[in-house]
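[1] Just the structure for this:
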Amino acid sequence: MRVLLSGYDSRGGIEPLVALAVRVRELGAEVRVCAPPDFAERFAAVGVSFVPVGQSLRAMVNAPTPPTAGGLPRRAAAVVAAQFDTVTEAARGCDVLVASGVMPAVAAARSVAELLGIHYVYASFQQLTLPSPHHAPLAYPGYPFPEGETDSQVLWDHDAWSIQALFGAALNTHRAAHGLSPVDNLRDYVITDRPWLATDPALDPWLTPADLEVVQTGAWTLPDVRPLPADLEAFLNAGASPVYVGFGSMPMRGSDIALAAIAAVRAQGRRVLVSRGWADLGLIDDQDDCFGVGEVNHQALFRRVAAVVHHGGAGTTTTATRAGAPQVVVPQMGDQPYWASRVADLGIGAAHDGPMFTTESLSTALRTALTPETRAQATAVAGWIGSDGAIAAAALLLDMASRERPPVPA
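    Alright, predicted model coming up:
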């Protein structure tokens, strides 16, 4: 039995595929992954077959000239072309394809599954892409919602129209070249009527009623058993618990980010851990109350910090919540304001107002996160977070793969 996992996303959208790949393999299936070339070493570390697809996302987000909204259809067309070229070959001989990530990439991956007549699953690591009367969709650049509109159905109709306008032509050009009929509602084609939501129900509850039959599996994570580096251990043991500051795959443009963050943490009388991330943040002086970290075991580290300041990616939010660490979320884009609101609503931290912060604004948020009450609530909520959803998802996948395959289009 063979499974292909396809994801075109940043680190937060790829780590869940690492977990699922390992769990699928443990059940005796053969698994391979298509993802951006940035993650070749990550999959090599767990011994999973890896097929690079498309260009480096890190190079894209750190380009001297940031991507513009006007260039989105052109970039999407390149993503669709790369997916058709690479995923088609990687999926041959597979029984099921799981796709996640940016919409044009997943649309191409589903088209490949249709072309080859194999089972397909859409997996989301946040619920805002799934139509529901309980939340609004995310607006695409250049396609803002109608001014003043609050009706849920109108907003979701606008979402479907925007996605079709942005990505439909590129997808249908390649579908025609492969003998597939055009898709006139790309969003619903991608999502299907039974999408998987790979998030923890306590942190991200899916509310009904909704038109979709959502399968919420729990978050896909692997236990990380790597020891912390010796020099990091020495820093942690040399004083009171520090505050961690890191923004993952976000570029965080602006030379004063580290300066403002470190000053804000110091203003609370705390030591600081600065994570380099894709923004390549560094220390601002040689004082011994600061320490820089690179790739490290967050599951172990977050249990030993006073608070976690981060961008609000689904993975980092879940890891910090499971560790019982108070959080300050500085949301940059996409679903990150949603995760910031969940942290604030649960009382396990603070949501910063907007993507850019000053020493003063971050200090204000940290004062909330560092209270004994927030720490107590974070500890309590950590106990609500369920076990690894990748185990359940892997079992569901293999059950699906054992069924009769869908027909190949004539």
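[2] what does stretch 16-27 contact?
    Contacts of stretch 16-27 with the rest of the structure, by CB atoms under 8 Å, 6 or more residues apart in numbering, involve 3, 5, 7, 31, 33, 35, 42-43, 46, 48, 98, 100, 123, 125, 198, 219-222, 315, 388, 390-391, 393-395, 397-398. (C-beta placed from N, C-alpha, C; glycine too.)
[3] switch the cut-off to 6 Å
    3, 5, 7, 31, 33, 46, 48, 125, 198, 220-222, 390-391, 393-394, 398 (CB atoms under 6 Å, 6 or more residues apart in numbering).
[4] Please apply the same query to stretch 384-399.
    In contact with stretch 384-399 (CB under 6 Å, 6+ apart) are residues 19-20, 23-24, 27, 29, 96, 198, 200, 202, 217-221, 321-322.
[5] try stretch 92-100
    Against stretch 92-100 from outside (CB under 6 Å, 6+ apart): 1-7, 91, 106, 109, 113, 118-121, 123, 397, 400-401.
[6] Give me the buried entries from those residues.
    By neighbour count, with 16 or more other CB atoms under 10 Å, those hold 2-7, 91, 106, 109, 113, 118-121, 123, 397, 401 as buried.
[7] Which members of the residues you listed occur in helices, if any?
    Ala91, Val106, Ala109, Ala113, Leu397, Ala401 (DSSP state H).
[8] out of those, what pair is the most spread apart?
    Farthest pair in these (CB to CB) is Val106 and Ala401. Separation: 19.0 Å.
[9] In PyMOL, select just the buried ones from the contacts of stretch 384-399.
    The PyMOL selection below is limited to those of the contacts of stretch 384-399 classed as buried (16+ other CB under 10 Å):
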select buried, resi 19+20+23+24+29+96+198+200+202+217+218+219+220+221+321+322
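[10] The contacts of stretch 384-399 in strands, which ones?
    Assignment to strands by DSSP state E places the following of the contacts of stretch 384-399 there: Val96.
[11] all helices for the stretch 1-150 of the chain, in order.
    Along the stretch 1-150 of the chain, counting by DSSP state H, counting those that start in this stretch, helices occupy 11-26, 40-45, 57-61, 72-91, 103-116.
[12] With mean pLDDT as added columns, please give those helices in TSV.
    TSV is the format used below for these (pLDDT from 0 to 100):
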stretch	mean pLDDT
helix 11-26	96
helix 40-45	96
helix 57-61	74
helix 72-91	92
helix 103-116	97
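[13] Can you tell me which of these is packed in deepest?
    Sort those by mean neighbour count, taking mean count of other CB atoms under 10 Å, and helix 103-116 sits at the top with a mean of 25.
[14] who touches it?
    By CB under 6 Å, 6+ apart, helix 103-116 touches 6, 8, 76, 79-80, 83-84, 87-88, 91, 97, 99, 120, 163, 167, 171, 175, 178, 186, 190.
[15] now the angle from that helix to helix 72-91?
    Between helix 103-116 and helix 72-91, the angle comes out at 40 degrees (axes from the mean of the first three to the mean of the last three CA atoms, to 10 degrees).
[16] Can you name the residues that contact Thr379?
    For Thr379, the residues meeting the contact criterion (CB under 6 Å, 6+ apart) are Gly324.
[17] since we're on the closest residue to Thr316 other than its chain neighbours, how many residues are nearby?
    In this structure, Thr316 finds its nearest non-sequential neighbour in His310, 4.7 Å apart by CB to CB, 6 or more residues apart in numbering. Residues lying near His310 (other CB atoms under 10 Å) number 32.
[18] Noted, bye for now.
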